[in-house]
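Q: Here is my input, please return the structure:
(one chain, ligands or ions: 1)
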Amino acid sequence: MTPLHTRFTRAFGLNTPIALAPMALASGGTLAAACVQAGALGLVGGGYAEMPWTQREYQRALDLVPLESRSRLGLGFITWKLDEDASALDWALNLPAEQRPRAVMLSFGDPRPYAPRILDSGARLLCQVQRLSQVEQALQAGAQVIIAQGSEAGGHGANALEGRATFTLVPEMADYLGRQAPQTLLLAAGGVADGRGLAAALALGADGVLVGSRLWASSESLASPGAVAAALAARGDDTARSAVFDILRRKNWPAPYDFRALRNALHRQWERRIDDLRADPQSARADYDAGVSAGDFSRAHSTVGEAVGLIGDAPGAQELVARMTLEARAALVRGSALLVG
Ligand SMILES: Cc1cc2nc3c(=O)[nH]c(=O)nc-3n(C[C@H](O)[C@H](O)[C@H](O)COP(=O)(O)O)c2cc1C
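A: I've put the predicted structure just below:
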């Protein structure tokens, strides 16, 4: 693969400015290692920070990633879950030096209580934010990388009242960091699923991209094959962001965040009656649980973002990273051709 370099690739020893999003229960060790091997940053999805899952999947990544590529391996956590139990983070930070994550990504909450121990361990701190108003906290925490997440993103993000679109959030964030913290790197997240998106993010002022949905549909992903099959048959119009699946899954997410997934029949049934669902979720939960057991994705959720309309296959992650890089290089060359004559 012909590399594509930015400040981000140089900081982490990458060949392409792509990071695998730490997707809870999907970004396991095998997927993270495949991304590392492809020259990207591989973040194991510590997500909800359950100890056995984190230990097993991070250890799997360590087994697959040779020492010389470990600068490309890290872990991600949901910050408000760490407020309940940070033992998985502490386990990772206290591993022998050559096994410790070199990058720790925190999203959805105040990163400052965890930043000192992350930075003391020698890891770089990446903070995902959804609004300009959250950046100051991340900079106070000492984040070396800010990830600007637009609401196109799959999975959790800011809700309709608080959320921003990637296309405006990223350049505004680039301007802000350029003035306030020019050494801080910026990644764009939300809706980047091919090389056009990567090239666009670089043009908007980002140093790279964080990719979730596109790599969720890959052969190494731990996502359920039925959920991926439902996504492959969907278009970008077919997702929605709401609290429906968090209520159905008994996930107690704090107010500004909700969840983008395929807008299936069960979602449609409840999306205009969220207060009723919250007040009396029992029968809907039974419906949802039955859908999960049966592998019926008209009821079970398939977690993917608006980029689903750009996803038509589920090959290996190495192929996906190489494809995106090649396409981005081609898009940048096409762009520079506009300058001639
Ligand atoms: C299946 C799935 C699970 C996710 N889980 C997490 C998570 O555990 N922690 C987190 O910080 N972000 C999570 N995200 C959001 C990603 O960090 C990222 O912002 C998003 O995937 C980027 O948008 P995209 O899906 O359009 O690429 C998840 C996204 C998906 C699609």
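Q: what about the residue of the stretch 201-341 of the chain found nearest the ligand, how many residues close to it?
A: For the stretch 201-341 of the chain, the residue closest to the ligand is residue 212, as judged by CB to the nearest ligand atom, at 1.8 Å. Where you see a C-beta, it was placed from the backbone N, CA and C, and this is true even at glycine. Using other CB atoms under 10 Å, residue 212 has 27 neighbouring residues.
Q: ok, it - contacts?
A: The contact partners of residue 212, taken as CB atoms under 8 Å, 6 or more residues apart in numbering, are 21, 23, 153, 154, 155, 189, 305.
Q: Report the entries of those that also contact the ligand.
A: Among these, the ones lying near the ligand by CB under 6 Å from any ligand atom are 21, 23, 153, 154, 155, 189, 305.
Q: The second one falls within a helix, correct?
A: When you say that, I think you mean residue 23. No: the assignment for residue 23, made by DSSP: H, G, I helix; E, B strand; the rest coil, is coil rather than a helix.
Q: how about the closest residue to it other than its chain neighbours, what does it touch?
A: With CB to CB, 6 or more residues apart in numbering as the criterion, residue 23 has its nearest non-adjacent residue at 4.5 Å, and that residue is residue 45. Counting by CB under 8 Å, 6+ apart, residue 45 makes contact with 21, 22, 23, 24, 25, 26, 27, 28, 57, 76.
Q: Max pairwise distance over those residues: which two?
A: Spatial extent of the contacts of residue 45 (CB to CB) is set by the pair 21 and 57 at 14.3 Å.
Q: between the two, which one's more packed in?
A: residue 21 (30 against 23).
Q: Stretch 298-315: which residues count as buried?
A: Across stretch 298-315, burial judged by 16 or more other CB atoms under 10 Å covers 299-311, 314.
Q: same question but for stretch 65-74, I mixed them up
A: Of the residues in stretch 65-74, 65, 69, 70, 71, 72, 73, 74 count as buried by neighbour count, 16+ other CB under 10 Å.
Q: Closest one of those residues to the ligand?
A: For the buried residues of stretch 65-74, the nearest to the ligand is residue 74 (11.9 Å; CB to the nearest ligand atom).
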